[in-house]
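A.B. asks: take this sequence and fold it.
(one chain, ligands or ions: 2)
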Amino acid sequence: MHIKELVLDDFKSFGRKTRIPFYRDFTTISGPNGSGKSNIIDAVLFALGLARTSGIRADKLTDLIYNPGHEGESDDFDGEREASVEVILDNRDDTLDRSQVVSAAGTEDVGDVAEIAIRRRVKQTDEETYYSYYYLNGRSVNLSDIQDLLAQAGVTPEGYNVVMQGDVTEIITMTAGRRREIIDEIAGVAEFDAKKADAFEE
Ligand code: ATP
Ligand code: MG
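C.D. replies: Ligands and ions are numbered 1, 2, ... in the order given. Reported below is the predicted structural model:
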């Protein structure tokens, strides 16, 4: 399974509908500083429910909505606004089988599972109120449904699926013990260590 395409609409610096294709093995995105490369990664983390707002460099979800006066002072609320990100996964290798998609969507009517579309919207209705919605192949679902589905493919919020800017430097400079914890996490040993610790406590 791999990401086939991203569709961003009013997400961060993407002020109009933008489709970004991804290739099966390797895709590189290049551009000047501040051109929106990291925002593309933030979009993936946002749509798949993989990060807290701090992880996608925002104080609150509504900061993710395109704001033409982003760097300026015009931050006043003037009418309903929303951002949307869709991640289209190529699942032709059946990483996620039909029954998993059906159970996550809560209906048999999920269409073709060779292509899985996960979409998230954040909608602001007034100064203080906003709503967040997730969709799986067009069906409204909960975050936990998306997370359960992606966990089948080894993609989890706690996992190391995304190496962020600065992560490599952090790994190099951290203590050996902390580095070992990361390796344990990746190798799947950490889970057993946690269970062992629980057992000893009992
Ligand atoms: P670098 O090479 O420095 O890492 P980058 O290509 O990764 O740069 P990003 O961090 O993705 O750049 O983009 C930063 C830009 O996104 C900034 O110019 C910032 O103003 C803009 N931006 C962030 N949030 C919004 C928003 N809600 N509305 C409009 N622009 C935004
Ligand atoms: Mg960047």
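
A.B. asks: only C-alpha atoms for contact and neighbour calcs from this point on.
C.D. replies: OK.

A.B. asks: quick one: contacts for the residue nearest in space to the middle of the chain?
C.D. replies: Residue closest to the average C-alpha location in the chain (Cα atoms, centre = their mean): Leu45, at 2.0 Å. With contact set as Cα atoms under 8 Å, 6 or more residues apart in numbering, Leu45 has these partners: 51, 56.

A.B. asks: what does the one 4 residues further on give?
C.D. replies: Neighbouring residues of Gly49 by Cα under 8 Å, 6+ apart: 143, 146-147, 157.

A.B. asks: does it count as helix, strand or coil?
C.D. replies: Classification of Gly49 using DSSP: H, G, I helix; E, B strand; the rest coil returns coil.

A.B. asks: distance of it relative to ligand 1?
C.D. replies: Applying Cα to the nearest ligand atom, to the nearest Å, the value for Gly49 to ligand 1 is 18 Å.

A.B. asks: equivalent analysis for Asn67, please.
C.D. replies: If you go by Cα to the nearest ligand atom, the gap between Asn67 and ligand 1 works out to 4 Å.

A.B. asks: which residues touch that residue?
C.D. replies: Residues in contact with Asn67, defined by Cα under 8 Å, 6+ apart, are 12-13, 15.

A.B. asks: what do you get for Gly159?
C.D. replies: With contact set as Cα under 8 Å, 6+ apart, Gly159 has these partners: 185-186.

A.B. asks: any idea of the pLDDT on it?
C.D. replies: According to the per-residue confidence, Gly159 scores 80 in pLDDT.

A.B. asks: next, it: secondary structure please.
C.D. replies: Of the three states, Gly159 takes coil according to three-state DSSP.

A.B. asks: how near is it to ligand 1?
C.D. replies: 22 Å.

A.B. asks: for this structure, which residues are neighbours of ligand 1?
C.D. replies: Applying Cα under 6 Å from any ligand atom, one finds that the chain approaches ligand 1 through 12-13, 32-39, 63-68, 70-71.
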